[in-house]
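Q: show me the folded form of this:
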Amino acid sequence: MEGYIRSLAVELDIMTSMPPPKAPDFIATDENCPLGPTSKLPYSVVKEMSIESTSRDFIKLTLAIRGYLKERVARHKSQMVDQNIEKPIDHLNISTGVV
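A: Below is the predicted model of the structure:
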């Protein structure tokens, strides 16, 4: 236990040995993709977008992902039926309604 506490102390010393970064230094970079992991739009592009277009793009992306996932679930269910497995993955309870 003492070794673990010492290693934590060393790690804390390392983390606190430098001043914290300023928010613009890591937010306003093109490595930052603020629309999430499924969108590769960099910060500079998203910053120039209007709220309406950002929302519209996000909704389109969400619907595309949803369609892809439904297709994958349907394909998986048909494979389960082909293999004579009684209960396919109905427990995922993915809605088939339109948003």
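
Q: pull the helix or strand with minimum mean pLDDT from the chain.
A: Comparing helices and strands within the chain by mean pLDDT, DSSP states H and E singles out helix 51-82 as the least confident, with a mean of 80.

Q: give the buried residues for that helix.
A: By 16 or more other C-beta atoms under 10 Å, the buried positions in helix 51-82 come out as 54, 58, 73. Bear in mind the C-beta positions are built from the backbone N, C-alpha and C, glycine included.

Q: which of those lies closest to residue 41?
A: residue 54 (9.0 Å; C-beta to C-beta).

Q: which residue packs closest to that closest one, ignoring adjacent ones?
A: Closest residue in space to residue 54, ignoring its immediate chain neighbours: residue 46 at 6.4 Å, by C-beta to C-beta, 6 or more residues apart in numbering.

Q: helix or strand: which one has that neighbour?
A: Assessed by DSSP states H and E, residue 46 sits inside helix 43-48.

Q: so what's the gap between that helix and the chain middle?
A: Averaging C-alpha positions (C-alpha atoms, centre = their mean, to the nearest Å) puts helix 43-48 19 Å from its chain's average.

Q: buried residues in it, which are they?
A: Buried positions in helix 43-48, judged by neighbour count with 16+ other C-beta under 10 Å: 43, 46.

Q: packing partners of it?
A: In terms of contacts (3 or more C-beta pairs under 8 Å, 6 or more residues apart in numbering; DSSP states H and E), helix 43-48 is packed against no helix or strand at all.
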